[in-house]
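Enquirer: generate coordinates for the sequence data below:
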Amino acid sequence: MRHRNTTKTLGRKPSARKALIRDLVTSVVVYEKIKTTEVKAKQARSAVERLITKSKKNDLATRRYLLAYFCTEQPVNKLLEVIGPRYKGRAGGYTRITKLGVRQGDSAPMAQIELV
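Expert: Numbers count the residues shown, from 1 in each chain. Just a heads-up that it's a prediction; the model follows:
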């Protein structure tokens, strides 16, 4: 039974959805600010928060965990060397989502997700 199993599918199959979220998270980590739809921003927020919390502990197991998640080494290095130490004393709430209105082409609600 699927009682209360609510997952936003984003109109994609699970593998494509996972790749989309991973790419959004990579962009947020590398550029620290991206513009996307509200639903995608809210889905990416949970993954970003989880990875930043993980990266506050800089050890080999964390590096391997992050390397297994990301496709390249650039976001891993930035998380461990820049972002993790920046939020060392913060107990969560690393991201901010700002609503930007609707997209002109299809009236999709747009938002900006950024690191605080």
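Enquirer: now stretch 72-85: average pLDDT?
Expert: What stretch 72-85 shows for mean pLDDT is 96.
Enquirer: can you list contacts of it?
Expert: For stretch 72-85, contacts defined as C-beta atoms under 8 Å, 6 or more residues apart in numbering pick out 25-26, 29-30, 51-52, 55-58, 62-63, 66-67, 70, 115. Glycine gets a C-beta too; all of them are placed from N, C-alpha and C.
Enquirer: what's the burial count for Glu114?
Expert: 16 (other C-beta atoms under 10 Å).
Enquirer: checking Ala111 next. Helix, strand or coil?
Expert: Following DSSP: H, G, I helix; E, B strand; the rest coil, the label given to Ala111 is strand.
Enquirer: give me the beta-bridge partners of it?
Expert: Thr36, Lys99 (DSSP bridges).
Enquirer: list the contacts of it.
Expert: 35-38, 41-42, 97-100.
Enquirer: one more: Ala41?
Expert: Counting by C-beta under 8 Å, 6+ apart, Ala41 has contacts 24, 97, 111-113.
Enquirer: which of the residues you listed ranks first by neighbour count?
Expert: Ile113 (24 neighbours).
Enquirer: in the protein, which spans are strands?
Expert: Secondary structure of the chain (DSSP state E): strands located at 33-37, 95-102, 109-115.
Enquirer: could you pull out the buried residues of the second one?
Expert: The neighbour-count criterion (16 or more other C-beta atoms under 10 Å) identifies Thr95 as the buried residues of strand 95-102.
Enquirer: how far away is the nearest residue to Thr53 once chain neighbours are set aside from Lys56?
Expert: Residue nearest to Thr53 in three dimensions, not counting chain neighbours: Gly92, with 7.1 Å by C-beta to C-beta, 6 or more residues apart in numbering. Separation of Gly92 from Lys56 (C-beta to C-beta, to the nearest Å): 11 Å.
Enquirer: same question for Gly93.
Expert: For Gly93, the distance to Lys56 - C-beta to C-beta - is 13 Å.
Enquirer: more crowded one of those two?
Expert: Neighbours of Gly93 and Lys56, each counted by other C-beta under 10 Å, are more numerous for Lys56; the result is 18 against 9.
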